[in-house]
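[1] I need the structure of the sequence given here:
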Amino acid sequence: MTTLKVGDTAPDFTLPDADGKPVSLSDYAGRRVIVYFYPAALTPGCTTQAVDFTAERDELATAGYDVIGISPDAPAKLAKFRDQEHVTVTLLSDADKTVLNAYGAFGMRKLYGKEIEGVIRSTFLVDVDADGHGTIQLAQYNVKATGHVARLRRDLSI
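    Just a heads-up that it's a prediction; the model follows:
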């Protein structure tokens with residue numbers, strides 16, 4: 001399994017958003033992007049995390065950060081999630097798990113004490129240069145959904 005660390009090149013991607021429109025990491029040229037991976041839309045932990053990112057979106061944006069959430073859910077499920085929970089951060093679908101694997105966010109993890117294969121809740125800060133190439137500035141694996149956004153803000157001094 002790939003594990004990214006600070007200074008690594010961020011794997012580029014182009015994935016459909018909740019409306020099926022393609023979004024690429026390179027679309028954020030000259031920006032800093034928080035890319036977080038979560039197991040499944042419309043589940044308690046993932047909802048908590050998405051709602052927390054939404055609540056902090058303006059403050060994060062003011063500090064110069066955009067937020068992208070990526071899961072293996074289909075765009076239609078992401079749209080339902082966005083609309084039902086009033087999520088305002090960008091949600092992308094990685095149905096074939098190519099990007100999840102490239103970031104090391106898919107593999108063996110613990111769920112209620114059992115080892116299973118699935119999405120590893122992970123968060124990355126990517127600095128995207130003017131040419132659209134990203135560099136990992138922060139890599140966090142196996143994060144907890146509850147309180148994660150507050151800890152991330154603290155880590156980023158926001």
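[2] where in this protein is pLDDT low?
    Scanning the chain for pLDDT under 70 picks out 1, 110-112.
[3] Phi first, then psi, for the residue minimising distance to the centre of it.
    Geometric centre of the chain, nearest residue: residue 36, 1.7 Å, by C-alpha atoms, centre = their mean. Residue 36 adopts backbone torsions of phi -120, psi 140, taken as degrees, to the nearest 10.
[4] Was I right to think it contacts residue 125?
    No - between residue 36 and residue 125 there is no contact under C-beta atoms under 8 Å: 9.9 Å. In this view, the C-beta of every residue, glycine as well, is placed from N, C-alpha and C.
[5] picking up where we left off before, which residue packs closest to the residue nearest to the centre of the chain, ignoring adjacent ones?
    residue 123 (4.4 Å; C-beta to C-beta, 6 or more residues apart in numbering).
[6] same thing with residue 132?
    What sits nearest to residue 132 in space, not counting adjacent residues and going by C-beta to C-beta, 6+ apart, is residue 26, at 3.0 Å.
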